[in-house]
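Novice: build me a model:
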Amino acid sequence: MEEKTSLELLSEKISAILHKLESLKDENEILRNEVVTLKAEKEIKDQEIEKLTDLNAQKDQEIDEIVNKIESILD
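Specialist: Numbering: from 1, shown residues only. Below is the predicted model:
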């Protein structure tokens, strides 16, 4: 069996590093896309929370008005 030269070993190491680099680039792109998707989902949820908070405040105000009407009837 023939031993590899230093140049061949170096070439193999460089190829392995390049392969790993490409793999990491692909993984990074997937993660970036995931972050974008999660940010968009968060924005939608934040808007829904704000809408529900506003609706809750409106319902609280309606309840206060009903309580006031009841109190005015009872007085």
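
Novice: now whatever helix or strand Lys13 lives in: how far from the chain's centre is it?
Specialist: Secondary structure assigned from DSSP states H and E places Lys13 in helix 6-74. How far helix 6-74 lies from its chain's middle: 3 Å, per C-alpha atoms, centre = their mean, to the nearest Å.

Novice: tell me the mean pLDDT over it?
Specialist: For helix 6-74, mean pLDDT is 97.

Novice: find the centremost residue of the protein, please.
Specialist: Leu38 (2.3 Å; C-alpha atoms, centre = their mean).

Novice: show me what stretch 11-31 is in contact with.
Specialist: The contact list for stretch 11-31 (C-beta atoms under 8 Å, 6 or more residues apart in numbering) reads Lys4. The C-beta positions use only the backbone N, C-alpha and C, and glycine is treated the same way.

Novice: for Tyr10, give its distance to Ala16.
Specialist: Let me fix one detail, which is that residue 10 is Leu and not Tyr. The gap separating Leu10 from Ala16 is 11 Å, by C-beta to C-beta, to the nearest Å.

Novice: now do Glu62
Specialist: Distance from Glu62 to Ala16, by C-beta to C-beta: 68 Å.

Novice: run a quick neighbour tally on Leu52.
Specialist: Neighbour count of Leu52, defined by other C-beta atoms under 10 Å: 10.

Novice: ugh, wrong one, I meant Ala16
Specialist: Residue crowding around Ala16 was assessed by other C-beta under 10 Å; the count is 10.
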